[in-house]
Each structure stands twice: as structure tokens, then as C-alpha cells.
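Peer 1: sequence unknown, structure follows:
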């Protein structure tokens, strides 16, 4: 006997008796009488759910893994009833229901009335997008007025933002799943990825991708950076093996229902078939957290960080000292936009940090051609400017040199990662004899004699191109980033007071042109100070005694503080950490805490950054928390109880009884 009676699902009568084992005959089984019967009803009524027929379950059983496939399928179908069908491709034939894709289209500013109407209908049909107060009551956009069951109501901006954020989250996860495919060894050789190899392998495996390759198909093999994540796998422009710019991956080959070319090509539904079910099942885990254990999300001490690592070269520690000193000087350089106010736009601060760290990482790698190309970059004070400035400060710092190797000449910068490699290459290529030179270097270049010295150099150069000195992303205290060797950064990063020290500012003035309270608080805490008499901005003479022990604000951007100093004894270097082998500078973009994640709290992210941003943060945190501990198992028990399954097959019943006993009454 099952605990609830909300959902009857999975009538599998006769599956085992009717299926054959490892048979290739067309007569594997006779279709049962209920083959086309709908399998899910909610509260006693039928609800249109994608492929809501028993044939889906029957047809998935041919490999014998009946029970696990049944569970996955049931969770996916139930997730569709919670979050809505993804798009028209996954919708049942003839369905008139609004899909999540259609609903997301109606959230855009200025969307046509007919699209907005679809969004309204979608929200009303799916409680996961409703706006709730802290007591779990469905409320109007004001967060106060309770909407009683059966009462007529219209979704507000919060519900629209929920839909937009969910669609964005799913899109990002699709790209992340494809990124994992890109990095799979079968499609990448010597760090070069071939999309043609990937498409061929998926097609041969029976997956629905665009197997027909047109004459203008981009066959170039690409170097995929380790840092290429999320949507960048579709959108990023990266260099191929000839240095030409090309997109990383073509989405239309994996997800497209219309082909406009001269050749009739089958519809590509790989994303709908292979990725969406897994994404939806993950969303159920996160929804369980938000419904049943939201404290685990709110109290996770989540941090979004951007970290630059500057390694100390074996023989040139002084060089790393000079580079990190230059970086600190730039962080404390007063930008033009502080003539009136400190920097308060969070997106601007994040972009500033990205550009700053990327150009210093480029200098650290020392790739000559990339640094030369940076001369034409639109970013002020780009990588070439840094190198040029350091050259002027000392002739041996980033000095330009030319290889003298017999196999060819090329330029490089001394005392960089690529520069050290070039000098080693010159040494090995000039002697080219294991017996009369450093055997370790020779073995490294030739991979113990399996490749030429030049091939070894080129491969190691690619490794440098892929090397990642920047760590950016969301982390929680129970799932920390691997940064310094001593663990000191994490010890400080997840201190409770960090979230209290970071002031959330959404503009410097209010509608009346008066300074906001948050901005006044930032003015008092920031290391840039405005002279009350002259109005000039400057850096404080020294760190404030009242400043947080672990975090400081520098023109609105937040950096982790450390006790140690580097390069000089200047107090401004307290944002640098030295673990002996490298220097680290940690920018803290977000530091979440309970009050920032509560729906109706006046200081939450919805008020400071907007509801869509708050939903994005919650999604990121829930995704990480859900991947820890036993939440996957707890979630399955939770949703299975809500389904109240009825079993008509002994093997399936035994599997569920053994693995999910909580859904059965004693």
C-alpha cells in the first residue's frame, strides 16, 4: 500500500512476460492492450504531458534495465508537470499547451501581447513559478496580499522573472553538457577538438544529429580552452590550428527542426532526446531543496569569486613580484568614472575584474603573438601595455628575444612561461643528444623518444595556451575551490562576516537625487575617499581600523584580505596571498547569506539586483548543494511519495521496494 493517492503511473502489466531477451526478431513482444494509454493523472484528472503514454515505457525496456529506466522516465515526466514542457519538439503531438520556450519568449521587455498572454497562461498552470512569502503562501507581486485558492489573479513581474531565470538556467546547462562532450577524449586529440569527429560518433551511436556535412562545413580543429564553459561553447570565437577565428560548436547540428539548405536533412533532436531529461531530473532535486530544505541553500555560505594566480618561475621570482606589484597598482588606479561616485554597477565591476585578470594572465603566459595582437584590443592598458611598461622598468624584465634553434626562429618574451619553454627548446634543439645534455628536458620534449623535439615544443606551447590561471565561479563551504596549496584562501573566503562586509549598492542616488543609505555605507567603508572640501578622490592613507578583517572594498570592487605582504611592505598589498609557489588575488563578486535569498526580505537580491538575478543566484547555489550529500536520494523519495505509484510488475515493484522503502507504508 502506497502513502498517497495523487498520481497513478506506470501500469506495466505483462512487460516481462511479453519481452524477449536479446532477441533481434520483430516479434520481440506483443503490444499490450494499454500500449497507447495515458500513464499520468494528477488529482484524478488527465493532464497533457509529453509522450504521456505507456509505449514510451515499453519501448525503453529492450536492454533489460526495466526498473532504473522506469524510475528515470517517471521522474522526467513528473518534472515536466512541475516545470512545463521544454519546447514544441518535446511536446505531445497536437498539444495546445504553452511550452517553457514560448513562455520565456513572453518575458522580454516589449514582447507582443499574444506572447505575454502565453506566459500568463503558462505561469498559472505551473506552481513552481508562483511567488510565495516566507510562510509559503501564494502572494501578489507586493509580497503581502495573499491569493486564496480559486481566486482570480494575474502573474506579476516576480513570476515573469522566475520563468526567464529557469529558461536561462536550462540553456546554460545544455551548453555545459555539450562542453563535457567537447572535452571527451574520443573527440579531442593532442588538445585539438574536432566537431566532425563528434558528429560522426553520435550519428553512429544512433543519436539524432545532423549527420550530413555540407561543403562549407567548418572542418578546422580547434583548441578548446579549459576555461570555456557554459554558453561560450556555442557562442565563443576561438582560434583554430591556423590561428583563424571560428565558433567552438554549432548548435544547429544538435538541435534544429528546420533546415533551409538545398539538401533535405533529418531533424536534429539530440539536445531534446539526450540532455533535457537529465536536466529536468536535476531540477527536481533542486526544487526539493527549495521546498523541503531551503535552509541548506540559504546557509551554504555561497561565494562567487574571480581569482588570478601568478606563478613564481623557477629562476625568476623577482619577475612574479614585479608583475603582481603592477597589478596591485592598477587595482588602486582611480578610474575616470569615480569623478562623481564610487563604482556601484555590479555588472560593470564584474566586467572590470574579468578584463583586468585576463590581460595579466596573458602577460604571465607570455605568448608573443597573442600579446602583439592585444595591441589592437579595445581594453585600455592591455597586455602589450603591461609588457611595454615592465620592459622600461628593467631591461631583463619581459625582454624580447628570438630563438636561435636550427629548426626555425620565433620571438618570445623572457621570464614568462612561454619564454622559459622557448629557452629550453633552444637548448635541447641545439644539442639534440640525450647523452650530452639534461636528459630530463630531452625526455620531456620528445616524450621519451616518441616524437620530435619540435613536435614536443609545439605540444607544450598548446598546453600553455590552455593553462588556466583564472578561477571563476560559484562555490559553497562544503564544496570549495582548489586554489592555494595551504588552504588559507578557503579558510578566509567562507568566514561568516564576509557576507556582512559586502555592501549591496544599486545606484548611488535615489529617485530624488539623494545618496542612498547603501551608498553612504560604501563611502564610509571604501579605500577610495572623497575630500569634503575639494571634492577630489584619493586612496586612504592606510586601511581603516574598522574595516572587515577578511574583505575590503576598492572603488566598489571587493577583494579578500590576507595578513602577509608581497613585493613591498606597502599596506595595499594585503589583497595578495603568497603560498610560496604563487601569488593570488581574490575578487569576491557575491557573498550570499540568508537575508539576501529570502523572497520578501527588503535587503534581498531582488531589491538590489532584480528578481531574475536573485533566481539565478538561487539556481546556482541549489545546483551545487544538490550535488552534495544524499540530496539526490532524498529528492527521489520525496517526489515518488507525491506520485503515489501503482505497480503491476513484480521486478519493478521489488526494485522500488528495495531502493525507496519510504514510499511504502509499513
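Peer 2: In hand now; what should we look at? Quantities reported herein were computed from a predicted structural model and do not represent experimental measurements. Residues are numbered from 1 along each chain as shown.

Peer 1: And the pLDDT at the nearest residue to residue 489 once chain neighbours are set aside?
Peer 2: In space, and not counting its chain neighbours, residue 489 is closest to residue 483: 4.7 Å by Cβ to Cβ, 6 or more residues apart in numbering. (Glycine included, C-beta is placed from N, CA and C.) pLDDT, residue 483: 94.

Peer 1: Surely residue 483 and residue 585 touch.
Peer 2: No - in this structure, residue 483 is not within contact of residue 585 by Cβ atoms under 8 Å, at 11.1 Å.

Peer 1: Overlap of the contact sets of these two?
Peer 2: Jointly contacting residue 483 and residue 585 under the rule Cβ atoms under 8 Å, 6 or more residues apart in numbering are residue 307.

Peer 1: What is the neighbour count of residue 194?
Peer 2: 17 (other Cβ atoms under 10 Å).

Peer 1: Could you report the distance from it to residue 222?
Peer 2: Distance check for residue 194 against residue 222: by Cβ to Cβ, to the nearest Å, it reads 8 Å.

Peer 1: Over to residue 418?
Peer 2: Distance from residue 418 to residue 222, by Cβ to Cβ: 20 Å.

Peer 1: Residue 498 now?
Peer 2: 39 Å.

Peer 1: neighbour-wise, which of those two wins?
Peer 2: Counted by other Cβ under 10 Å, residue 498 and residue 222 do not tie: residue 222 has more neighbours, with 24 against 21.

Peer 1: Can you tell me who that one pairs with across the strands?
Peer 2: Beta-bridge partners for residue 222, by DSSP bridges, are residue 193, residue 240.

Peer 1: Pull up the gap between residue 140 and residue 610, please.
Peer 2: Here residue 140 is placed at a distance of 18 Å from residue 610 (Cβ to Cβ).

Peer 1: What segments of the stretch 201-350 of the chain are strands?
Peer 2: 222-223, 237-239, 245-247, 255-256, 268-269, 303-311 (DSSP state E, counting those that start in this stretch).

Peer 1: The ones you listed: which one's closest to residue 326?
Peer 2: strand 303-311 (10.2 Å; Cβ to Cβ).

Peer 1: Show me what the longest helix along the chain packs onto, helices and strands only.
Peer 2: The longest helix of the chain (DSSP state H) is helix 157-182. In this structure, helix 157-182 makes packing contacts with helix 100-105, helix 113-125, helix 232-235, helix 276-292, helix 611-626, judged by 3 or more Cβ pairs under 8 Å, 6 or more residues apart in numbering; DSSP states H and E.

Peer 1: for the record, mean pLDDT for the first one?
Peer 2: Across helix 100-105, the average pLDDT comes to 95.

Peer 1: For residue 532, which of the helices and strands packed on helix 157-182 is the nearest?
Peer 2: helix 611-626 (34.1 Å).

Peer 1: List the contacts of the closest one.
Peer 2: If you take Cβ under 8 Å, 6+ apart as the criterion, helix 611-626 is touched by 157-158, 161-162, 164-166, 168-169, 282, 285-286, 288-290, 296-297, 300, 302, 304, 474-476, 478-479, 590, 592, 596-597, 604-606, 631-632, 635.

Peer 1: Which SSE is immediately downstream of it?
Peer 2: helix 631-643 (DSSP states H and E).

Peer 1: quick one: that following helix to helix 276-292, angle?
Peer 2: Inter-element angle recorded for helix 631-643 and helix 276-292: 80 degrees (by axes from the mean of the first three to the mean of the last three Cα atoms, to 10 degrees).

Peer 1: Which other helices and strands does helix 631-643 contact?
Peer 2: Here helix 631-643 touches helix 66-83, helix 276-292, helix 611-626, going by 3+ Cβ pairs under 8 Å, 6+ apart.

Peer 1: Go through those helices and pick out the most buried.
Peer 2: Using mean count of other Cβ atoms under 10 Å, the stretch among these with the largest mean neighbour count is helix 611-626, at a mean of 22.

Peer 1: How far off centre is that one?
Peer 2: Averaging C-alpha positions (Cα atoms, centre = their mean, to the nearest Å) puts helix 611-626 11 Å from its chain's average.

Peer 1: mean confidence for it?
Peer 2: In the prediction, helix 611-626 has an average pLDDT of 93.

Peer 1: Just send the strands of the stretch 201-350 of the chain back as JSON lines, with mean pLDDT too.
Peer 2: What follows is the strands of the stretch 201-350 of the chain, written out as JSON lines (pLDDT from 0 to 100):
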{"stretch": "strand 222-223", "mean pLDDT": "72"}
{"stretch": "strand 237-239", "mean pLDDT": "61"}
{"stretch": "strand 245-247", "mean pLDDT": "65"}
{"stretch": "strand 255-256", "mean pLDDT": "86"}
{"stretch": "strand 268-269", "mean pLDDT": "90"}
{"stretch": "strand 303-311", "mean pLDDT": "95"}
